[in-house]
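Participant: Okay, here's the prediction I keep looking at, along with the sequence it came from:
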Amino acid sequence: MRMYNRGSELRSTGREMTSILRSPQALQLTLALIKPDAVAHPLILEAVHQQILSNKFLIVRMRELLWRKEDCQKFYQEHEGRFFYQRLVEFMASGPIRAYILAHKDAIQLWRTVMGPTRVFRARHVAPDSIRGSFGLTDTRNTTHGSDSVVSASREIAAFFPDFSEQRWYEEEEPQLRCGPVRYNPEGGIHFAAGTGGPGPT
Ligand code: RTP
Ligand code: MG
């Protein structure tokens, strides 16, 4: 059984664990991607998922998908013209990826810290226990992606989860998740506010 303990209280409810969250600060959202190099290796995929849990993120949504080259081009538009752009776009379309919406009071910066530096050689030296330091193969195949600002996070979440309404989530789910209790469903790989039965369409 997987345990999730974020606050002062933790109790078992059979297959799931329930914890009480009490934070006055609103949860922030970020988009996290696990890139094809890691999704191709089930043990690495699971290790990255565990890093998300052990760093106390709430997993709001999760999906696996194959991306078309045009989608990658659009997603990485800001890097168009850079020497690594073509390589990056082709790599991201080369196999399945996993996308997450993660919540935490400091989701954007925390996820970037957990990932480690972009360049794998640097990651191995300055943050060997980070995700990229542990699993990154090259500067392109560097295991994960994370949004770099609130504006990027909103745009990237909308690109990967077109049915997700951030506004509705802040109105309906965020207060419940923040005030707890929260459950983690190991089968679905997501957290949800206890008593809600999990997220419906948003
Ligand atoms: P990311 O967007 O992936 O979360 O990482 P980041 O902000 O640290 O990096 P960014 O500059 O946005 O670059 C996006 C992705 O492009 C690839 N890249 N390769 N020197 C290189 O060869 C190089 N520089 C960037 C990486 O895969 C990076 O994650
Ligand atoms: Mg970036």
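Facilitator: Received it, and whenever you're ready, just let me know what you need. Ligands and ions are numbered 1, 2, ... in the order given.
Participant: where does the protein have low pLDDT?
Facilitator: The model of the chain has pLDDT under 70 over residues 1-23, 197-202.
Participant: where do the strands sit along it?
Facilitator: 9-13, 16-20, 28-34, 58-65, 97-104, 144-146, 182-185, 190-193 (DSSP state E).
Participant: Minimum distance to residue 81: which of these has it?
Facilitator: strand 144-146 (19.3 Å; Cβ to Cβ). To be clear about C-beta, it is placed using only N, CA and C from the backbone, and glycine gets the same treatment.
Participant: Okay, now the sheet partners of the closest one, with direction.
Facilitator: strand 28-34 (antiparallel) (DSSP bridges).
Participant: Just checking the partner strand against ligand 1, any contact.
Facilitator: No: counting by Cβ under 6 Å from any ligand atom, ligand 1 is not contacted by strand 28-34; separation bottoms out at 7.6 Å.
Participant: Tell me how far residue 130 lies from ligand 1.
Facilitator: 12 Å (Cβ to the nearest ligand atom, to the nearest Å).
Participant: will you turn the strands of the chain into JSON lines that also has distance to residue 52 and mean neighbour count?
Facilitator: Below are the strands of the chain laid out as JSON lines (distance: least, Cβ to Cβ, whole Å; neighbours: other Cβ atoms under 10 Å):
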{"stretch": "strand 9-13", "distance to residue 52": "18", "mean neighbour count": "11"}
{"stretch": "strand 16-20", "distance to residue 52": "15", "mean neighbour count": "19"}
{"stretch": "strand 28-34", "distance to residue 52": "7", "mean neighbour count": "24"}
{"stretch": "strand 58-65", "distance to residue 52": "6", "mean neighbour count": "18"}
{"stretch": "strand 97-104", "distance to residue 52": "7", "mean neighbour count": "23"}
{"stretch": "strand 144-146", "distance to residue 52": "10", "mean neighbour count": "23"}
{"stretch": "strand 182-185", "distance to residue 52": "11", "mean neighbour count": "20"}
{"stretch": "strand 190-193", "distance to residue 52": "10", "mean neighbour count": "22"}
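Participant: what sits against residue 60?
Facilitator: 29, 100, 101, 102, 103, 169, 173, 177, 190, 191, 199 (Cβ atoms under 8 Å, 6 or more residues apart in numbering).
Participant: Could you list the contact residues of this structure toward ligand 1?
Facilitator: 79, 84, 88, 118, 139, 140, 142, 145, 146, 148.
Participant: Give the buried subset of those as a ChimeraX selection command.
Facilitator: Command for ChimeraX that selects the buried part of the residues of the chain next to ligand 1, burial taken from 16 or more other Cβ atoms under 10 Å:
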select :88,139,140,142,145,146
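Participant: Restricted to helices, list the residues of the chain next to ligand 1.
Facilitator: Mapping those onto helices (DSSP state H) picks out residue 88.
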